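Q: Show me the folded form of this:
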Amino acid sequence: MITKKPSNDGFFYFCDMNSETRQFITSHIASDVNGLALKKAPVGVDFDLALRQIAARQLLKKKVPSWSENDDLLFPVHLSVEQCSSEMTAEYKSNLLEGNTFVDLTGGLGVDCHFISQHFKSSDYVEMKPELCDLAKHNFAVLKDEIRVNNETAEEFLNRCESVDGIFLDPARRDQYGRKTVSIADCTPNVVELQDVLLQKARRVMIKLSPMLDISKALGELRCVKEVHVVAVANECKELVVILENGFSGPIRVTCVNLSTGQPVVSYTMEEETESQLTLADGVSNYLYEPNSALMKAGCFKLLCQRFCVSKLHKNSNLYTSCDFVSDFPGRVFEVESWAPYSKKVKQTLLSDVEKASLATRNFPLSVAELRKTLKLADGDEFFVFATTLKGENKVLIRTKKATN
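A: Predicted coordinates for the structure are as follows:
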């Protein structure tokens, strides 16, 4: 029989399932969940549980593939699955903490706790929702993780716990009405208020923050910040990870990583970026470079000129150029075919043979939609056209194609 436990959010957590339900999930793992929901529930199948597990596994197939493929794991309501870290980012974060004792104060689905705990001898999972704690106990047992599960708030656990080597928090970024928040002080738990006790309890504290958060604002609210990691996956910025270290007061190191691309990691101190000399180009050379989203989010612009021997087109354009091909530039690289000042006749001169192109505007008065309408270009990926501004404030269009060197 299936045991049901009511949860605080009106859903039910099912701590076990019968063979009919398990078989139904396996048989319909790739089916459209909305379509299934309109059908009559098969005899012996707990339909609500089955639909929830199918939806969760489909969402986790790309996000946390090793969990999605494990038929013995159980998953909660959609929001907890949606908000969990991906396997790729969780593995990255797991290399940032190590020691004997570890606490995840915002357990949730448990993905981060699972991966980070592998670098510690003793680990605690803390979660205020009892249904998530029950799921964590079940899933950790399936995964053979020796992690203690604590059903209490982060504040309650901190008040009674001993000193540990590492603490991880992923504060909830929704208020009581379900609206998204990006300010640290508006998240739960409030890390700004807790940071003193966090630093008293742990040698290192790792905080996962929204990629929408202003980094400078966050650094102004937190103390003892040693590292900031800007984590992108396939050029989509996913997480800001801030590491506090008890007693630290030195220069803050920023690390920008674009996972799954093979692009180099760029690591630097904030002072290095501030003190670097910006090199501006006189025009557009043979190659055009667009930094990846992690670098853009971090505001690492001047340092790129020195590290990769490129020149910026304009201080606000965030596009770079060089005569020689820079194969390891951390971003997209294009070969420049031609470029011209922007005018009403530029379509006839620069793009006369182009009917489809991918457009991008950087420091340009028109949006992509407006420019596409003006140029009468359909969307395509053979040519890449950049509309931007040079250092002399001249507006130009740059016709390129993906570099193949």
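Q: what number of residues lie near the nearest residue to Asp170 once chain neighbours are set aside?
A: Sequence neighbours aside, Lys208 is the residue nearest to Asp170 in space, at 4.2 Å (criterion: C-beta to C-beta, 6 or more residues apart in numbering). Just so you know, the C-beta spots here come from the backbone N, C-alpha and C atoms, and that holds for glycine as well. Number of residues near Lys208 (other C-beta atoms under 10 Å) recorded here: 23.
Q: Please identify the pairing partners of the helix or strand containing Lys208 and their relative orientation?
A: For Lys208, the host element (DSSP states H and E) is strand 202-209. When pairs are called by DSSP bridges, strand 202-209 turns out to pair with strand 164-169 (parallel), strand 236-245 (antiparallel).
Q: So what sits opposite the residue nearest to Asp170 in the bridge?
A: Counting by DSSP bridges, the residues bridging with Lys208 are Val241.
Q: which residues touch it?
A: Ser85, Lys93, Asp112, Phe168, Leu169, Asp170, Pro171, Glu239, Leu240, Val241 (C-beta atoms under 8 Å, 6 or more residues apart in numbering).
Q: Which residues are in contact with the first one?
A: Ser85 makes contact with Lys93, Val111, Asp112, Asp170, Lys208, Glu239, according to C-beta under 8 Å, 6+ apart.
Q: do you know how far the fifth one is from Arg173?
A: To tie it back to what came earlier, the one meant is Lys208. Going from Lys208 to Arg173 by C-beta to C-beta, to the nearest Å gives 10 Å.
Q: How about Met212?
A: With C-beta to C-beta as the criterion, Met212 and Arg173 are 9 Å apart.
Q: more crowded one of those two?
A: Arg173 (20 against 12).
Q: I'd say the more buried one and Cys187 touch.
A: Yes: using C-beta atoms under 8 Å, Arg173 is in contact with Cys187, at 5.5 Å.
Q: Can you point out the buried residues in the helix of greatest length in the chain?
A: Across the chain, the longest stretch assigned as helix under DSSP state H is helix 47-63. Buried residues in helix 47-63, counting neighbours by 16 or more other C-beta atoms under 10 Å, are found at 49-60, 63.
Q: Off-centre distance for stretch 249-265?
A: Relative to its chain's centre, stretch 249-265 lies at 13 Å (C-alpha atoms, centre = their mean, to the nearest Å).
Q: Any stretches of the stretch 301-405 of the chain with poor pLDDT?
A: Applying pLDDT under 70 to the stretch 301-405 of the chain flags residues 405.
Q: Equivalent analysis for the stretch 1-150 of the chain, please.
A: Short version for the stretch 1-150 of the chain, where the test is pLDDT under 70: 1-16, 77.
Q: where along it do the helices fall?
A: 19-27, 33-37, 47-63, 65-68, 78-83, 87-94, 111-117, 130-143 (DSSP state H, counting those that start in this stretch).
Q: Could you export the ones you listed to JSON lines, including columns for distance to Ser338?
A: What follows is the helices of the stretch 1-150 of the chain, written out as JSON lines (distance: least, C-beta to C-beta, whole Å):
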{"stretch": "helix 19-27", "distance to Ser338": "56"}
{"stretch": "helix 33-37", "distance to Ser338": "49"}
{"stretch": "helix 47-63", "distance to Ser338": "39"}
{"stretch": "helix 65-68", "distance to Ser338": "43"}
{"stretch": "helix 78-83", "distance to Ser338": "45"}
{"stretch": "helix 87-94", "distance to Ser338": "38"}
{"stretch": "helix 111-117", "distance to Ser338": "48"}
{"stretch": "helix 130-143", "distance to Ser338": "56"}
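Q: Quick check: which of those is buried the most?
A: helix 111-117 (a mean of 25; mean count of other C-beta atoms under 10 Å).
Q: What helices and strands are in contact with that helix?
A: Here helix 111-117 touches helix 87-94, strand 99-104, strand 120-127, helix 130-143, strand 147-151, strand 164-169, going by 3 or more C-beta pairs under 8 Å, 6 or more residues apart in numbering; DSSP states H and E.
Q: Could you measure from the closest residue in space to Leu132 that isn't next to it in sequence over to Phe384?
A: Of all residues beyond its chain neighbours, the one nearest Leu132 is Pro76 (6.0 Å), with distances taken as C-beta to C-beta, 6+ apart. Distance from Pro76 to Phe384, counting by C-beta to C-beta: 42 Å.
Q: do Asp104 as well
A: 43 Å.
Q: Looking at the two, which one has more neighbours?
A: Each of Asp104 and Phe384 has its neighbours counted (other C-beta under 10 Å); Asp104 has more, 28 against 21.
Q: Got phi/psi on the residue nearest to Thr269 when sequence neighbours are not counted?
A: The shortest distance from Thr269 to any non-neighbouring residue, by C-beta to C-beta, 6+ apart, is to Pro251 (4.2 Å). Torsion angles at Pro251 (phi, psi; degrees, to the nearest 10) stand at phi -70, psi 140.
Q: Now for Pro251: which residues touch it?
A: Thr269, Met270, Glu271.
Q: Looking at neighbours, which among those is most surrounded?
A: Met270 (19 neighbours).
Q: My read is that it contacts Thr255, right?
A: No: with contact defined as C-beta under 8 Å, Met270 does not count as touching Thr255 (11.7 Å).
Q: State the separation between the strand holding Lys208 and the centre of the chain it belongs to.
A: That offset, for strand 202-209, works out to 17 Å (C-alpha atoms, centre = their mean).
Q: Please apply the same query to stretch 20-34.
A: 29 Å.
Q: i'd like the first residue to be 448 from this point on
A: All set: I'll call the first residue 448, so the last point we hit is now stretch 467-481.
Q: what comes into contact with it?
A: By C-beta under 8 Å, 6+ apart, stretch 467-481 touches 449, 483, 489-493, 496-498, 500-502, 504-505, 518.
Q: What about Leu797, how many residues nearby?
A: Count around Leu797 with other C-beta under 10 Å applied: 22.
Q: Enumerate every residue touching the closest residue to it other than its chain neighbours.
A: The shortest distance from Leu797 to any residue other than its chain neighbours is 4.5 Å, reached at Ala787 (C-beta to C-beta, 6+ apart). Each residue near Ala787 by C-beta under 8 Å, 6+ apart is listed here: Val793, Thr796, Leu797, Val843, Leu844.
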